[in-house]
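Novice: this is a predicted model, with the sequence first.
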Amino acid sequence: MTDELPDLDREELLRRLPEIRKIEDEKLREQVIDIFLHHCPDYFWWCPASSSGNHHPPDTRGRHGLWLHSRRAFSAFEDLARTEVEMEHIDEDEVDYGRAAILLHDLFKQGLPPRDEHHTQGDHDRVASRFSGRKTELPDEILGLIDSHNGAWNEGKTPENELELLHHRADYIVSRRDCHYEISDPCEELQQVIRGRKTEEEHDILSRVSALSTAAEGSNFVDNYTLPGQGDVDPGGLSKVVDYIANGGEKSQ
C-alpha cells in the first residue's frame, strides 16, 4: 500500500530523495530523476530492506525500510568518498557516478514489477544493472557499481576497482544489524520510522536501568543474606545480584 504518499512527480521525488540534488553533473542528475519517475517500482517506497528480517538494522526491516536504507547508503558513501578523493584513489567525476549508483542500487530489490511475491530477489544486483543498461543511457561505470554492490554475495560481479569497492563498503556498512547511520533532513515518513526505533531503544535502556536500580537496592542488604544457588555474597558483589535478577532467581551459567 502506498496511499499515504503523495503522487510521485519531480517535486515529490526530490522531497523523498533530496540527495539527488547533490549529483553535480546535470545530465546525470536528470537521468536519475527520470529513472525514479518512470521505472521505480511502487514497492521501493514502502517495502523493508530485508524481507527475511535476518539482515539490516531493525528500523529498516519494516515499512519504508528500503527507502531509509538507500538514503543511509548515500550518506555513508559521501562520508567515505571524501577520504578516497583526498588520497587520490578516485576523482570527483567518479564520486558523482557513485552518488547516482548508490541511490539506484536496490531499485529492484524485490525484482521487476509486476510481482505477486514480496521478498528480496537474490539477483537484484544483476537485474538492476541489466535493466538500466537496456532502458537508460547511464554510463557503464554506474552499471558496474550497481552490479557489484553486494560484493561477494548474490549474483552480481565482485568489485573490480577502488570506486566499486567503496560503493560496496558503503552499502555493507549500513546493512549491518547494529548500524543506525544518520541521514540529513529526513522527511516526515522516515522521521516516524526513526522515532519509532529510538523510542524502542529508550524503553530498552529504561528497562535496563530499572533492573540495575533494583539490583543496587538489593546490594545494600546482601551482606546479610546468601542467594540460593550463589552462596554468600559480599557487599561489593553487585554483579552476582544483577546476574541473579537477570536469570529470574536461577543460578547463572
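Specialist: Noted; the coordinates are in hand.

Novice: please name the nearest non-neighbouring residue to residue 156.
Specialist: Leaving aside its sequence neighbours, residue 156 sits nearest to residue 125 (C-beta to C-beta, 6 or more residues apart in numbering; 3.4 Å). For every residue, glycine as well, the C-beta is placed using N, CA and C.

Novice: got it, and residue 129?
Specialist: That would be residue 147: by C-beta to C-beta, 6+ apart, it lies 3.7 Å from residue 129.

Novice: next, count neighbours for the one you found.
Specialist: 26 (other C-beta atoms under 10 Å).

Novice: surely it and residue 157 touch.
Specialist: Yes. Taking contacts as C-beta atoms under 8 Å, residue 147 lies within contact range of residue 157: 5.4 Å.

Novice: before we move on, which element is the residue nearest in space to the middle of the chain in?
Specialist: Taking C-alpha atoms, centre = their mean, the centroid of the chain lies closest to residue 69, which sits 3.6 Å from it. Under the criterion of DSSP states H and E, residue 69 resides in helix 65-86.

Novice: helices and strands around that helix, which ones?
Specialist: helix 92-104, helix 162-175, helix 188-219 (3 or more C-beta pairs under 8 Å, 6 or more residues apart in numbering; DSSP states H and E).

Novice: which stretch in those helices has the least confidence?
Specialist: Least confident of the helices and strands packed on helix 65-86, judged by mean pLDDT, is helix 188-219 with a mean of 68.

Novice: still on that earlier bit, which residues are common contacts for residue 147 and residue 157?
Specialist: Shared contacts of residue 147 and residue 157, defined by C-beta atoms under 8 Å, 6 or more residues apart in numbering, are absent.

Novice: pLDDT score assigned to the residue nearest to residue 129?
Specialist: 96.

Novice: show me the contacts for it.
Specialist: When contacts are counted by C-beta under 8 Å, 6+ apart, residue 147 touches 125, 126, 128, 129, 156, 157.
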